[in-house]
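1. Got a predicted model here, sequence first, then my questions.
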Amino acid sequence: MGSRRPSVVTGAALDPLATIVLTGICVGLGAVLTLSRLAGRVEPPSQLERDLVVAIHGEVVKPGSYTLPWGSRVSDLVTLAGGLTDAADPGLIALAAQLTDGRTVVVPGRRSPDGELGRIDVNTASERLLTTLPGVGPVMARRLIEGRPYHRPEDLLRVPGIGPARLEALLPRLTL
């Protein structure tokens, strides 16, 4: 009886521990490889947030084209253009609307003596201003706002309730 042989550890005793260790190593390596592949595909913010070139016309002190940083609002553009003239109707422009590259903003004036307004920018106009268009009530004005942006007059045809006849009636009063 005297000598006992050293016991040999079998594979069965190492299985749970080895499985945990190997799984951890595999998951860690997989995460590192995946993250390194994804990191090369993400564009730096400077490339995603380019400057905007926009134009402003109508009742502003200095109409023209301006370059603004990405994320600018109509109010920023109005300020850069020297502010509104005395003839402008600030209640008819959506000053909080966000600008997009290539857009033109038209600042309308107050009604003329015959009651007619100038052209209205359907991409920036407030709901109140849109309801001054022929055949446009509050519901249609909200639909127009929800369908923004519009790049061509034909884009308005995708708004429920605007067909070719209504578009023809609106075109003389609209700008994009």
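-> That came through, no problem.

2. tell me the mean pLDDT over stretch 86-106?
-> Summarised as a single mean, pLDDT over stretch 86-106 is 85.

3. got the contact list for residue 71?
-> 49, 98 (C-beta atoms under 8 Å, 6 or more residues apart in numbering). C-beta here means a position set from N, CA and C on the backbone, and glycine is covered the same way.

4. That one is in what secondary structure piece?
-> Counting by DSSP states H and E, no helix or strand carries residue 71.

5. Tally up the residues packed near the closest residue in space to residue 147 that isn't next to it in sequence, please.
-> Distances taken as C-beta to C-beta, 6 or more residues apart in numbering put residue 159 closest to residue 147, at 4.8 Å, once the chain neighbours are dropped. Taking other C-beta atoms under 10 Å as the criterion, the count of residues near residue 159 is 19.

6. And for residue 83?
-> 12.

7. who are the neighbours in contact with the nearest residue to it once chain neighbours are set aside?
-> Excluding its sequence neighbours, the residue lying closest to residue 83 (C-beta to C-beta, 6+ apart) is residue 61, at 5.6 Å. Neighbour list for residue 61: 81, 82, 83, 84, 85 [criterion: C-beta under 8 Å, 6+ apart].
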